[in-house]
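Visitor: need a structure here:
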Amino acid sequence: TQYGYWVLRVNGVSHDEKPDLDAIKVRVLESIRQRNMNLAREDLKAEARRKHNLEIDEDVLMTAFLGLPEGETIIDEKTGKPTPRDELQPLDVPPAELEEVLMSYNLSTGPVVFTLGDYKARFDEMNVFERPKKNELVGGFRQRLIDDAEKAIMQDEARARGYFDDPRTLARTEEQIEEMVVEKVHAEVIQYEQYVAPDEIEAFW
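Guide: Below is the predicted model of the structure:
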């Protein structure tokens with residue numbers, strides 16, 4: 001591939017019987033529908049990236065990638081716990097290159113320019129779960145940057161199309177907020193008793 005090699009081993013080959021098309025019709029149609037939705041979503045994102053002139057400087061990208069800490073993992077082998085933020089290594093990039101532009105794009109509010117120094121400041125504040133790792137390779141690192149830019153770009157597109165004022169969007173937003181609050185309550189407030197005595201059950205009823 002562009003970033004390395006995949007080595008595959010075929011352990012065996014099997015030939016399944018051809019399924020009855022009527023039996024799997026619903027599943028096939030749903031699969032096609034999901035595929036078309038995914039393709040349409042990717043086309044929309046690609047068009048938005050072109051429209052907003054999203055650009056990543058590959059040389060600066062490589063400088064940032066090479067500056068990622070070596071061998072960083074989420075779980076500390078010694079403690080078996082996530083590595084605390086104050087023990088994480090900073091992004092190691094040349095100070096003379098901090099003003100180099102890593103990524104840029106345009107929004108309705110104006111151009112957004114993201115320098116290597118901006119990324120270093122963000123990276124050094126990330127916890128161990130948020131930080132990209134070298135084992136994700138350059139492609140994974142680039143995709144993380146694209147994902148961050150796409151969030152801002154798609155939000156800008158949604159606002160320009162009036163989605164933020166659409167009653168359906170607002171209703172769905174309220175619904176998701178409510179779901180998040182309920183999940184947070186379940187996770188942090190509600191506690192389940194492993195054992196409830198029979199007299200307590202009787203008193204409850």
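
Visitor: Can I get stretch 27-46 in PDB? Just the C-alpha atoms.
Guide: Coordinates of each C-alpha in stretch 27-46 appear next as PDB, following Å, rounded to 0.1, in the frame of the first residue of the first chain:
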ATOM      1  CA  ARG A  27     -31.200  -8.200   3.900                       C
ATOM      2  CA  VAL A  28     -29.800  -7.500   0.400                       C
ATOM      3  CA  LEU A  29     -32.000  -4.400  -0.200                       C
ATOM      4  CA  GLU A  30     -31.000  -3.100   3.200                       C
ATOM      5  CA  SER A  31     -27.400  -3.600   2.500                       C
ATOM      6  CA  ILE A  32     -27.700  -1.800  -0.800                       C
ATOM      7  CA  ARG A  33     -29.600   1.100   0.900                       C
ATOM      8  CA  GLN A  34     -26.900   1.400   3.500                       C
ATOM      9  CA  ARG A  35     -24.200   1.300   0.900                       C
ATOM     10  CA  ASN A  36     -25.900   4.100  -1.200                       C
ATOM     11  CA  MET A  37     -26.200   6.200   2.000                       C
ATOM     12  CA  ASN A  38     -22.600   5.800   2.800                       C
ATOM     13  CA  LEU A  39     -21.500   6.600  -0.700                       C
ATOM     14  CA  ALA A  40     -23.800   9.700  -0.700                       C
ATOM     15  CA  ARG A  41     -22.300  10.800   2.600                       C
ATOM     16  CA  GLU A  42     -18.700  10.400   1.400                       C
ATOM     17  CA  ASP A  43     -19.600  12.300  -1.800                       C
ATOM     18  CA  LEU A  44     -21.100  15.100   0.300                       C
ATOM     19  CA  LYS A  45     -18.000  15.300   2.400                       C
ATOM     20  CA  ALA A  46     -15.700  15.300  -0.600                       C
END
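
Visitor: Give me the phi and psi angles of Met103.
Guide: Dihedral pair for Met103: phi -150, psi 150, per degrees, to the nearest 10.

Visitor: My error: substitute Glu55 in the last question.
Guide: The phi/psi pair for Glu55 (degrees, to the nearest 10) is phi -130, psi 140.

Visitor: That one is in contact with Leu102, isn't it?
Guide: No. If you go by Cβ atoms under 8 Å, Glu55 and Leu102 don't touch, sitting 9.8 Å apart. All C-beta atoms are positioned from the backbone trio N, CA, C, and that covers glycine.

Visitor: between these two, who's got more neighbours?
Guide: Shown here are Glu55 and Leu102; by other Cβ atoms under 10 Å, Leu102 has more neighbours (22 against 14).

Visitor: ok, the nearest residue to Leu68 once chain neighbours are set aside - contacts?
Guide: Spatially, and ignoring its direct neighbours in sequence, Leu68 is nearest to Lys134 (4.8 Å; Cβ to Cβ, 6 or more residues apart in numbering). Neighbour list for Lys134: 65, 68-72 [criterion: Cβ atoms under 8 Å, 6 or more residues apart in numbering].
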